[in-house]
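**Q** Sequence and predicted structure, then a few things I'm wondering about:
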Amino acid sequence: MITRTQRRCDGSGLTDPWDRLEYKALVALAFFLCVGAGIAKRTLRLFASRPASTPHLREGVFAEARSAAHAAVGYAFIA
């Protein structure tokens, strides 16, 4: 008998649909947190007393938040 806490792995590399749903939900939550942090960081940088040392190309706020969310949530599934 397989319960919800016991997930079967057939060795094919395919994950349980519950795991995918859980991952997407965590990424969505982390994404919104990272968007807020990214906007706050860029807003505070505008009001900083010293200018940026070297101008460089940056990612957009949403691309940066998406990357950070996937990186952070990936650690939750290591264990």
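**A** Done, it's in. Numbering: from 1, shown residues only.

**Q** Leaving out chain neighbours, which residue sits closest to I39?
**A** V61 (6.1 Å; CB to CB, 6 or more residues apart in numbering). The C-beta positions use only the backbone N, C-alpha and C, and glycine is treated the same way.

**Q** Quick check: closest non-adjacent residue to A65.
**A** C34 (3.8 Å).

**Q** wouldn't V73 be in contact with V27 here?
**A** Yes - in this structure, V73 is within contact of V27 by CB atoms under 8 Å, at 5.1 Å.

**Q** V27: what secondary structure?
**A** Reduced to three states with DSSP: H, G, I helix; E, B strand; the rest coil, the structure at V27 is helix.

**Q** can you pull the pLDDT of it?
**A** Predicted confidence (pLDDT) for V27: 93.

**Q** My read is that it contacts S67, right?
**A** No - applying CB under 8 Å, one finds V27 not in contact with S67, separated by 11.0 Å.

**Q** quick one, which of those two is more surrounded?
**A** When neighbours are counted by other CB atoms under 10 Å, V27 and S67 differ, and V27 comes out ahead with 18 against 13.

**Q** Distance check, F47 against K41.
**A** According to CB to CB, to the nearest Å, F47 and K41 sit 11 Å apart.

**Q** More neighbours: which of these two?
**A** Set F47 next to K41 and count neighbours by other CB under 10 Å: K41 wins out with 11 against 6.

**Q** does the more buried one belong to a helix or a strand, and which?
**A** Per DSSP states H and E: K41 is located in helix 17-46.

**Q** now for the helix or strand that that helix is followed by, which elements pack on it?
**A** Following helix 17-46 in sequence order, the next helix or strand is helix 61-74 (DSSP H and E). Other helices and strands packing on helix 61-74, by 3 or more CB pairs under 8 Å, 6 or more residues apart in numbering; DSSP states H and E, are helix 17-46.

**Q** For the helix it packs on, list every residue counted as buried.
**A** 23, 26-27, 30-31, 34-35, 38 (16 or more other CB atoms under 10 Å).
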